[in-house]
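>>> Need a 3D model of the following:
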Amino acid sequence: MDAMELARRLQEEATCSICLDYFTDPVMTACGHNFCRECIQMSWDKGKAKKGKRKQKGSFPCPECREMSPQRNLRPNRLLTKVAEMARQHPGLQKQDLCQLHQEPLKLFCQDDQSPICVVCREAQEHRTHRVLPVDEAAKEYKLKLEEDITYLRGEMMKTETLRVKEEQSLTEWQERVKERRERILEEFQKVVLFLVEEERRVLQVLKEEEECTLGRLQDSKTCLDRQSRSLDLLLMQLEERSQQEPLQMLQDVKNILIRKENLSMQYPEVSLPVAIRTICRVPGQIEVLKSFQEDVVPDPSSAYPYLLLYESRQRRYLSPPLESSPPYNKERFLAYPCAVGQKSFSSGRHYWEVGMNLTGDALWALGVCRDNVSRKDKVPKCPENGFWVVQLSKGKKHLPLLPHTTTPVTLVEPPSHMGIFLDFQAGEVSFYSVNDGSHLHSFSQASFPGPLLPFFCLGSPKSGQMVISTVTMWVKG
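Residues are numbered from 1 along each chain as shown. So this is what the prediction gives:
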């Protein structure tokens, strides 16, 4: 018997027939068979749950020969414990060195399947046509490959570690830069806040000084007029009393009374209400902020007054069709004034657009927003009661006639050449700004708007000049 066969027999003797592994705390039953204590105990515990399997009270069948054996009659097998320990330590009996199918040593390596096999597997149909090498030769070949892979992986690990360190450093540097930028943003905005606070204080101080100066002049004028009114009232009363007296009494000392009238000096102050406020409301940087809400507003040709021309400079074409090729009158078209509305309506959000103007003559212009259902055939004042939130731009003093119970339209005597309109629908506010210097011109404020709003544009006459809205130039045909 060779050493390999002897080792295999030793392995069989040291193996438990229940768990098929080397004995652990082996015990012997009354019939002389050996099992792991835990394995035989578990086998008998399972037998308790099966009715009719127990022949005698307290006895159980041997898993090998089925002979009944008292459960308590289990004797430790110390010799077998040593044999099992020897089998575990034997280098030729490691579990992975035996073929699981044939229990033969794994002496060959199948290159096709990339796995060790035994001599019995080599002759099997599965491996008969495969390329096979002895384990030692295959191990040398694969050891070289593994060493190459190890060298490659170590190199990759070094690269990865170098990159990881760099990335960690980059992460730290990035976090530091973000921290610095955050601090800088806070500092810069704080500077702006402080600047705005100081500018607000300065403008309010200028307004206060103008208020005090103008108020003093108005109060002085009022005091002077009050004094003059009292003097006139007293002299008038004296003259009326003298005129009612008898002729002789009336003529007595009449010369002094007439001299008082001749010497009367009337003073009429130059200052009179309404007084224009010279202090301008201008917030630095506000136009730039408003431009973040800028919309590409374009007038709707179908809404334009029949003789209102719209020229699209980007496409170099007229948007308004010739009157002879298109009916000039429809429900969408304005007929009372040279007006037009934007193509897009607004029913939420914040929106900003700008209008360039080249004013000529004394005709009335108007800019702002209107309800989408305003009257387009009738001449009505452009005020909130009629669905218009606009300012009127006029170089002259021409005004539209007012209807009873309506608000006076807001008219700017000196309109800017570039107007900005800001609509905050949720806040119920429309504001107007001079884009040239950023000054605030006027605001309409209310709780809410009654419905969708449209940008509104109106020219006065053929000689009024032009409006430029986005890429569209608008003027009245003469």
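>>> now the helices: where do they sit in the stretch 1-150 of the chain?
3-13, 37-48, 78-89, 119-123, 135-243 (DSSP state H, counting those that start in this stretch).
>>> For H102, which of the ones you listed is the nearest?
With CB to CB as the measure, helix 119-123 is the member of those nearest H102 (4.3 Å). Quick note: C-beta positions are derived from backbone N, CA and C, even for glycine.
>>> Check which residues of that closest one are buried.
Neighbour-count burial for helix 119-123 flags C121 (criterion: 16 or more other CB atoms under 10 Å).
>>> So which other helices or strands are in contact with that helix?
strand 108-110 (3 or more CB pairs under 8 Å, 6 or more residues apart in numbering; DSSP states H and E).
>>> next one: the strand it packs on to chain centre, how far?
Counting by CA atoms, centre = their mean, to the nearest Å, strand 108-110 is centred 64 Å from the centre of its parent chain.
>>> Tell me which other helices or strands that strand touches.
Strand 108-110 is packed against strand 115-117, helix 119-123, strand 132-134, helix 135-243, with contacts defined by 3+ CB pairs under 8 Å, 6+ apart.
>>> pLDDT (mean, whole number) over the longest one?
Put plainly, it is helix 135-243. What helix 135-243 shows for mean pLDDT is 87.
>>> helix or strand right after that helix?
helix 247-251 (DSSP states H and E).
>>> For P462, which of the helices of the stretch 1-150 of the chain is the nearest?
Closest approach to P462 among those (CB to CB): helix 135-243, 40.4 Å.
>>> Turn the helices of the stretch 1-150 of the chain into a markdown table, including distance to F422.
Shown next, in a markdown table, are those (distance: least, CB to CB, whole Å):
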| stretch | distance to F422 |
| --- | --- |
| helix 3-13 | 93 |
| helix 37-48 | 85 |
| helix 78-89 | 88 |
| helix 119-123 | 87 |
| helix 135-243 | 18 |
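>>> most tightly surrounded among the helices and strands packed on strand 108-110?
strand 115-117 (a mean of 18; mean count of other CB atoms under 10 Å).
>>> Tabulate the helices and strands packed on strand 108-110 (CSV), appending distance to A84.
Shown next, in CSV, are those (distance: least, CB to CB, whole Å):
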stretch, distance to A84
strand 115-117, 25
helix 119-123, 26
strand 132-134, 31
helix 135-243, 27
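>>> Would you tell me which of the ones you listed gets closest to M68?
Closest of these to M68 is helix 119-123, at 39.5 Å (criterion: CB to CB).
>>> roughly how far out does the longest strand seen in the chain sit from the chain middle?
Longest strand of the chain, by residue count under DSSP state E: strand 350-359. Chain-centre distance of strand 350-359: 27 Å, with CA atoms, centre = their mean.
>>> Which elements pack onto that strand?
Where contact means 3+ CB pairs under 8 Å, 6+ apart, strand 350-359 is packed against strand 365-371, strand 418-424, strand 465-469.
>>> hey, which of those strands is tucked in deepest?
Of those, the one with the most neighbours on average (mean count of other CB under 10 Å) is strand 365-371, at a mean of 24.
>>> Specify the angle between the next helix or strand after that strand and strand 365-371 in degrees.
Following strand 365-371 in sequence order, the next helix or strand is strand 388-393 (DSSP H and E). Here the directions of strand 388-393 and strand 365-371 differ by 170 degrees (axes from the mean of the first three to the mean of the last three CA atoms, to 10 degrees).
>>> Quick one: mean pLDDT for strand 388-393?
Throughout strand 388-393, pLDDT has a mean value of 87.
>>> So what's the gap between the next helix or strand after that strand and the chain middle?
Next along the chain after strand 388-393, taking DSSP H and E as the criterion, comes strand 410-412. Distance, stretch centre to chain centre, for strand 410-412: 38 Å (CA atoms, centre = their mean).
>>> The chain should start at 32 in everything you say after this.
Got it, first residue is 32 now, which makes that one strand 441-443.
>>> now the helices and strands packed on strand 381-390 as TSV including mean pLDDT?
Below are the helices and strands packed on strand 381-390 laid out as TSV (pLDDT from 0 to 100):
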stretch	mean pLDDT
strand 396-402	91
strand 449-455	93
strand 496-500	88
